[in-house]
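Colleague: Dropping the sequence and predicted coords here.
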Amino acid sequence: MVWHAGKTATRGRPETFSGAAILICLTLKILCGLPLRQTVGLVESLIQMAGLDWPVPDYSTLCRRQARVALQGAGFA
């Protein structure tokens with residue numbers, strides 16, 4: 001799985017986290033029944049326990065990107 005987003009040809013600031021990273025965070029949110037802020041803490045703890053030095057998507061990133069993930073997944077139901 002790729003945690004960091006790849007380069008895009010679009011204008012504006014590039015995204016820091018890949019769609020897969022956001023999807024993993026949102027999946028943990030739903031499975032554990034947590035609010036977004038607690039999900040950030042859970043993901044941060046899991047990454048620390050794995051011994052990795054990866055950045056964690058913050059609350060506002062998850063909040064903004066979950067709307068796009070929900071819209072993309074709507075066609076697959």
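Modeller: Okay, I see it.
Colleague: Contact partners for the most centrally placed residue in the chain?
Modeller: Residue closest to the mean C-alpha point of the chain, counted by Cα atoms, centre = their mean, is residue 22 at 1.9 Å. Taking Cβ atoms under 8 Å, 6 or more residues apart in numbering, we find residue 22 in contact with 57, 61, 62, 65, 66, 69. (C-beta placed from N, C-alpha, C; glycine too.)
Colleague: Let's have those in JSON lines, adding pLDDT, neighbour count and distance to residue 48.
Modeller: Listed next are the contacts of residue 22 as JSON lines, based on pLDDT from 0 to 100; neighbours: other Cβ atoms under 10 Å; distance: Cβ to Cβ, whole Å:
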{"residue": "57", "pLDDT": "94", "neighbour count": "24", "distance to residue 48": "15"}
{"residue": "61", "pLDDT": "93", "neighbour count": "19", "distance to residue 48": "19"}
{"residue": "62", "pLDDT": "94", "neighbour count": "22", "distance to residue 48": "18"}
{"residue": "65", "pLDDT": "90", "neighbour count": "19", "distance to residue 48": "22"}
{"residue": "66", "pLDDT": "89", "neighbour count": "16", "distance to residue 48": "23"}
{"residue": "69", "pLDDT": "79", "neighbour count": "16", "distance to residue 48": "25"}
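Colleague: Quickly name whichever of those residues is closest to residue 10.
Modeller: Nearest to residue 10 among the contacts of residue 22 is residue 65, at 15.1 Å by Cβ to Cβ.
Colleague: Against residue 15, how distant is the closest residue in space to that closest one that isn't next to it in sequence?
Modeller: Among residues not flanking residue 65 along the chain, residue 22 sits closest, at 4.7 Å (Cβ to Cβ, 6 or more residues apart in numbering). For residue 22, the distance to residue 15 equals 9 Å [Cβ to Cβ, to the nearest Å].
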